[in-house]
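**Q** only the shape, not the letters, is given here:
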């Protein structure tokens with residue numbers, strides 16, 4: 001549906017929502033600060049067995065992507081919107097505690113569990129912002145959240161912003177959504193889905209690799225593993241809130257108008273001091 005150009009001016013409430021989305025999507029959150037704090041343990045572990053660690057992480061990330069796609073999305077359509085943040089955090093904390101207690105070898109089991117729970121939480125946020133998860137494109141947008149903060153070493157600043165990452169994934173998401181719509185089933189071996197999972201998995205893996213290695217350090221223990229997982233579900237829930245707020249506003253005002261105002265806010269030194277342009 002094309003927005004009415006006469007109503008393209010954002011309301012004060014919508015503009016405030018967009019400012020909040022910019023803060024969530026463009027600034028480093030507590031989860032990444034936590035990952036940096038445990039970086040010394042991570043670097044030490046990598047020096048012990050870098051190839052083995054990388055192989056376990058890569059396998060766990062792709063396993064998590066496949067399980068999340070197959071198990072979490074299959075049962076979401078048509079469910080009522082409910083606030084289940086607390087339940088999701090309890091489950092993620094429990095899986096993190098298990099990972100922290102058992103070490104690196106537990107990652108192929110722990111990561112798919114925690115990622116699936118996080119994706120279900122993301123889907124709840126999406127529905128609350130008006131998304132219809134019976135639409136495959138909306139379901140793929142839930143998976144997209146895992147890539148939104150994945151600044152890889154090959155990125156430059158212009159490639160790592162929110163809209164830049166969405167642009168890099170746009171074609172793959174469109175192709176995957178068309179495949180699902182035409183087949184009516186989810187087959188993770190389909191080329192369109194393999195491509196999308198690889199793109200998201202690369203960015204997701206970069207964000208969480210420090211978290212995974214730190215959590216797997218035996219000295220960290222169950223309590224530390226639970227704390228790290230709680231920080232990361234908070235992080236991805238925050239990204240999801242920002243992402244689906246932007247998508248809601250795009251449906252209301254049009255993508256160009258929303259992106260223009262988003263970028264104006266993002267470029268400001270103090271986003272809280274930016275106000276809607278005068279009518």
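**A** Here it is on my side, so go on. Predicted model, so just to flag it, every value in this text is computed and none were measured. Numbering: from 1, shown residues only.

**Q** so where do the helices sit in this protein?
**A** 12-26, 30-37, 39-48, 50-67, 85-102, 107-128, 136-144, 162-183, 191-216, 221-253, 255-267 (DSSP state H).

**Q** in JSON lines: those helices, plus mean neighbour count.
**A** From N, CA and C alone the C-beta is placed, and that goes for glycine too. Shown next, in JSON lines, are those (neighbours: other Cβ atoms under 10 Å):
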{"stretch": "helix 12-26", "mean neighbour count": "18"}
{"stretch": "helix 30-37", "mean neighbour count": "16"}
{"stretch": "helix 39-48", "mean neighbour count": "13"}
{"stretch": "helix 50-67", "mean neighbour count": "18"}
{"stretch": "helix 85-102", "mean neighbour count": "20"}
{"stretch": "helix 107-128", "mean neighbour count": "23"}
{"stretch": "helix 136-144", "mean neighbour count": "23"}
{"stretch": "helix 162-183", "mean neighbour count": "17"}
{"stretch": "helix 191-216", "mean neighbour count": "22"}
{"stretch": "helix 221-253", "mean neighbour count": "22"}
{"stretch": "helix 255-267", "mean neighbour count": "17"}
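
**Q** redo those helices as a markdown table? Include mean pLDDT.
**A** Output for the helices of the chain, formatted as a markdown table (pLDDT from 0 to 100):
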| stretch | mean pLDDT |
| --- | --- |
| helix 12-26 | 94 |
| helix 30-37 | 52 |
| helix 39-48 | 47 |
| helix 50-67 | 78 |
| helix 85-102 | 54 |
| helix 107-128 | 82 |
| helix 136-144 | 91 |
| helix 162-183 | 91 |
| helix 191-216 | 79 |
| helix 221-253 | 84 |
| helix 255-267 | 94 |
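
**Q** quick check: phi and psi at residue 189.
**A** phi -90, psi -10 (degrees, to the nearest 10).

**Q** any idea how far residue 132 is from it?
**A** Per Cβ to Cβ, to the nearest Å, residue 189 is found 26 Å from residue 132.

**Q** of the two, who's got more company?
**A** residue 132 (12 against 7; other Cβ atoms under 10 Å).

**Q** show me the contacts for the more buried one.
**A** residue 138 (Cβ atoms under 8 Å, 6 or more residues apart in numbering).

**Q** tell me the pLDDT of it.
**A** On the pLDDT scale, residue 132 is placed at 89.
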